[in-house]
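> sequence and predicted structure, then a few things I'm wondering about:
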Amino acid sequence: MAEPPLPNPSKDDSDALADAALGARIREYRMKRRMSLRALGAAAQASPGFLSQLERGQANASIGMLRRIAAALGLTVADVFDQSGPTGPRVVRRADRPMLQTAPGSRKFLISQRPLGHLEVYAGEFEPGASTGDDAYTHGDSQEILLVVSGSVRVELDGHPHILDAGDSIEYQSSTPHRVVNDRETPAEILWIISPPTPD
């Protein structure tokens, strides 16, 4: 005896499932960032009540709103919609590291892969005399650790210089104006470790 066919979900049911899955991913990333609904709302210009409904699949967000939410979480809109997620160890070969735009004489690579989880890690390479730029910069208000892998660099934090050699590290808030300079005649390599990830 043939089994009866399974009922096809209606479009409304599919939309509701998609909304619930999207809301669950936003909540998952918010929890990873240890952000309250109020904090995410302030960063994304949304009310905590609306975000709560969105996370429970009970509200829809415009593309503009999703862009603001994704940016506040250090993600792209594509990351928010990505249902695959990491399933195991992710190897990144040195030759395959994504390189980011930076100042002349220096190179910056993203080590942690998107979508970012609890932290982001970057590697930086500085030729003699190179720096992160003429001006100090800030990004969000996260915990940031800079570790010197090789060579020596000068790290300026709010205008105060700190000379670090290979194996040395320094920790600060990413909201502190900071800048890295290689004053030596040999190349330098460093790592930045930032948690939680900061908006691009």
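It's in.

> number of nearby residues for the closest residue to residue 113 other than its chain neighbours?
Take residue 113 and drop its neighbours on the chain: the residue closest to it by Cβ to Cβ, 6 or more residues apart in numbering is residue 90, 5.2 Å away. Using the backbone N, CA and C atoms, a C-beta is placed for each residue, glycine as well. By other Cβ atoms under 10 Å, 8 other residues sit near residue 90.

> secondary structure class for residue 90?
In the three-state summary, residue 90 is assigned as coil, counting by DSSP: H, G, I helix; E, B strand; the rest coil.

> what comes into contact with the host helix or strand of residue 51?
Following DSSP states H and E, one finds residue 51 within helix 48-55. The set of residues that contact helix 48-55 without belonging to it, under Cβ atoms under 8 Å, 6 or more residues apart in numbering, is 22-24, 26-27, 30, 36-38, 40-41, 44, 59-61, 69.

> now the buried members of those residues.
In terms of neighbour count (16 or more other Cβ atoms under 10 Å), the buried residues within the contacts of helix 48-55 are 22, 23, 26, 27, 30, 37, 40, 41, 44, 61, 69.

> residue 17 versus the third one, what's the distance?
Going back to what we said before, that points to residue 26. Computed with Cβ to Cβ, to the nearest Å, the distance linking residue 26 and residue 17 is 15 Å.

> kindly report the same for the last one.
For residue 69, the distance to residue 17 (Cβ to Cβ) stands at 20 Å.

> and residue 70, what does it touch?
Residue 70 makes contact with 76, 77, 79, 80, according to Cβ under 8 Å, 6+ apart.

> for the second one, which non-adjacent residue is spatially closest?
Read it as residue 77. In space, residue 77 comes closest to residue 70 once its chain neighbours are excluded; the distance is 5.0 Å by Cβ to Cβ, 6+ apart.

> just the pLDDT for that neighbour.
According to the prediction, residue 70 has pLDDT 89.

> quick one: buried residues of the helix or strand harbouring it?
Using DSSP H and E, the element containing residue 70 is helix 63-72. Along helix 63-72, the positions that meet the burial threshold by neighbour count (16+ other Cβ under 10 Å) are 65, 66, 68, 69, 70, 72.
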